[in-house]
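Novice: 3D model of this:
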Amino acid sequence: MRIDRLLVEATARLAAAGSPTPRLDAEVLLGHVLGRERSWLYTWNDHGVEGFLRARFAALIAARVVGEPVAYLTGEREFWGLALATHAATLIPRPDTECLVETALALRPATAQRVLDLGTGSGAIALALASERPAWRVTGVDRIIEAVTLASANARRLGIANADFQVSDWFAALTDQRFELIVANPPYLAEDDPHLALGDVRFEPRSALVAGGEGLADLHYLIGAARHYLETEGWLLLEHGMAQGEAVREALNQAGYGAVATRLDLAGRPRVSLGRRDD
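Specialist: The predicted structure is shown next:
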């Protein structure tokens, strides 16, 4: 069967199943099976696809029809221009989080800095920062061993030598260490958040999504604990839900941080709040 016909049929199946991006999903999955870029599919759309490859593609489409994320099916997701391997033990990197990276890069100079990424998952944030700032030493921590293994493998594959990863439940393994910059995309959804029943989120690890206290418990903990690990005039940056900006700013102010502010993501939604340790 020709490529163009395969894509038409797969797109129709995915659209009927409710995928928000059926054509894109079909192209990414077929490109993955064929080992080709999406642009190649357009150039050679009259090429036939062999039976065993059609079967692999059909299996991936069937998995996507029931909602399994494309990033888990292909084992890869791009973030900040980096091709990151993904795993069901970690969150899928999302464009919204690039707001956190942009804010961090603007706050500290390109000279030597010690940076901590809490709950690093696939290593997306840590590796984005390390790739942009070769003089920075970036440490990523996660309490999930599979996440640390994945992040370390991503660093090796991308050739990023100024980022390292270790197992730690937040700050537990970081005794007496100080950083000029601490960043985190912690769990911030409430246990009854309707987003948990939608899209890719249904398949992602709940422990990386849900926090107590209406989604604010981990944010509050990090705001309190981070001061002990920040150098004077060091910054704490936290990603959060679009309705949580005011609560996070209030917590930062109450904890004594200075220059408290919130940054908007590309869609104009409050996404990252920050504060500076002022002594």
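Novice: leaving out the residues flanking it, which one is nearest to residue 6?
Specialist: Excluding the flanking residues, the one nearest residue 6 by CB to CB, 6 or more residues apart in numbering is residue 49, at 5.9 Å. (C-beta placed from N, C-alpha, C; glycine too.)
Novice: contacts only, for the one you found.
Specialist: Neighbour list for residue 49: 1, 2, 3, 6, 30, 34, 57 [criterion: CB atoms under 8 Å, 6 or more residues apart in numbering].
Novice: number of nearby residues for the nearest residue to the fifth one once chain neighbours are set aside?
Specialist: For residue 30, ignoring the flanking residues on the chain, the nearest one in space by CB to CB, 6+ apart is residue 57 at 5.6 Å. Residue 57 is surrounded by 21 other residues when neighbours are defined as other CB atoms under 10 Å.
Novice: picking up where we left off before, give me the pLDDT for the residue nearest to residue 6.
Specialist: Predicted confidence (pLDDT) for residue 49: 95.
Novice: and if you look at residue 43?
Specialist: At residue 43, the model reports a pLDDT of 93.
Novice: do residue 178 as well
Specialist: Here, the pLDDT recorded for residue 178 equals 97.
Novice: that one: neighbour count?
Specialist: 15.
Novice: got a list of what it touches?
Specialist: Residues near residue 178 by CB under 8 Å, 6+ apart: 114, 229, 230, 231, 234.
Novice: if I look at it, how far off is residue 131?
Specialist: 23 Å (CB to CB, to the nearest Å).
Novice: and the end-to-end length of stretch 110-127?
Specialist: 15 Å (CA to CA, to the nearest Å).
Novice: test my guess that residue 196 contacts residue 202.
Specialist: Yes - counting by CB atoms under 8 Å, residue 202 is a contact partner of residue 196 at 7.2 Å.
Novice: what's the helix or strand bottoming out on mean pLDDT in the chain in contact with?
Specialist: The weakest-scoring helix or strand in the chain, judged by mean pLDDT, DSSP states H and E, is helix 38-43 (a mean of 93). Residues outside helix 38-43 that contact it (CB under 8 Å, 6+ apart): 3, 7, 27, 28, 30, 31, 34.
Novice: may I see the buried residues of it?
Specialist: residue 41 (16 or more other CB atoms under 10 Å).
Novice: which elements pack onto the next helix or strand after that helix?
Specialist: Going down the chain from helix 38-43, the next helix or strand is helix 51-65, by DSSP states H and E. Contacts defined by 3 or more CB pairs under 8 Å, 6 or more residues apart in numbering; DSSP states H and E place helix 51-65 against helix 3-17, helix 22-34, helix 70-74.
Novice: can you tell me how far residue 18 is from residue 64?
Specialist: In terms of CB to CB, residue 18 sits 11 Å off from residue 64.
Novice: what about those two, which has more around it?
Specialist: Applying other CB under 10 Å to residue 18 and residue 64 shows that residue 64 carries more neighbours, namely 23 against 11.
Novice: run a quick neighbour tally on residue 87.
Specialist: A count of nearby residues for residue 87, using other CB under 10 Å, gives 21.
Novice: got phi/psi on it?
Specialist: Phi and psi for residue 87, reported as degrees, to the nearest 10, are phi -150, psi 150.
Novice: same question, residue 173
Specialist: Residue 173 adopts backbone torsions of phi -100, psi 10, taken as degrees, to the nearest 10.
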